[in-house]
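Sequence unavailable; structure follows:
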């Protein structure tokens with residue numbers, strides 16, 4: 001019976017700990033959002049430049065991925081077209 005009682009106490013402590021952790025995380029996120037909003041209000045041009053740079057980085061990465069995927073498709077298409085031409089000559 002002592003084991004059951006101890007496991008119940010441990011479960012309650014873990015639940016309290018999880019709740020405390022979630023509350024701490026929420027507070028930290030709220031503080032970060034507030035700090036970000038205040039920074040944007042104080043320096044709107046710098047914030048716009050950072051946002052534009054981040055958007056350009058994401059766009060560049062997306063373009064690179066499409067180009068890398070496109071190169072593989074074109075190589076397989078060219079190989080297939082060469083094979084088809086060779087078959088047509090026979």
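Perfect, thanks for sending it. Quantities reported herein were computed from a predicted structural model and do not represent experimental measurements.

what's the domain layout of the protein?
Following the assignment in automatic domain parsing, the chain carries domains at 1-41, 43-90.

count of residues packed around residue 16?
Other residues within reach of residue 16 by the criterion other C-beta atoms under 10 Å amount to 10. To be clear about C-beta, it is placed using only N, CA and C from the backbone, and glycine gets the same treatment.

Please report how far residue 46 lies from residue 31.
When C-beta to C-beta, to the nearest Å is the yardstick, residue 46 and residue 31 sit 20 Å from each other.

Please apply the same query to residue 63.
For residue 63, the distance to residue 31 - C-beta to C-beta - is 36 Å.

With residue 64 instead?
Using C-beta to C-beta, one gets 35 Å for the distance from residue 64 to residue 31.

any low-confidence regions in the protein?
For the chain, the stretches flagged by pLDDT under 70 are 1-12, 71-90.

which residues in it form helices?
Taking DSSP state H as the criterion, the chain carries its helices at 2-42, 44-89.

could you say what helices and strands the shortest one packs with?
If I follow you right, that is helix 2-42. For helix 2-42, not one helix or strand is in contact under the criterion 3 or more C-beta pairs under 8 Å, 6 or more residues apart in numbering; DSSP states H and E.

ok, 10 Å please
Contact here means 3 or more C-beta pairs under 10 Å, 6 or more residues apart in numbering; DSSP states H and E; on that basis helix 2-42 packs against helix 44-89.

Now do the same contact list for residue 36.
With contacts taken as C-beta atoms under 10 Å, 6 or more residues apart in numbering, residue 36 has the following neighbours: residue 47.

swap in residue 49?
If you count contacts by C-beta under 10 Å, 6+ apart, residue 49 has them with residue 43.
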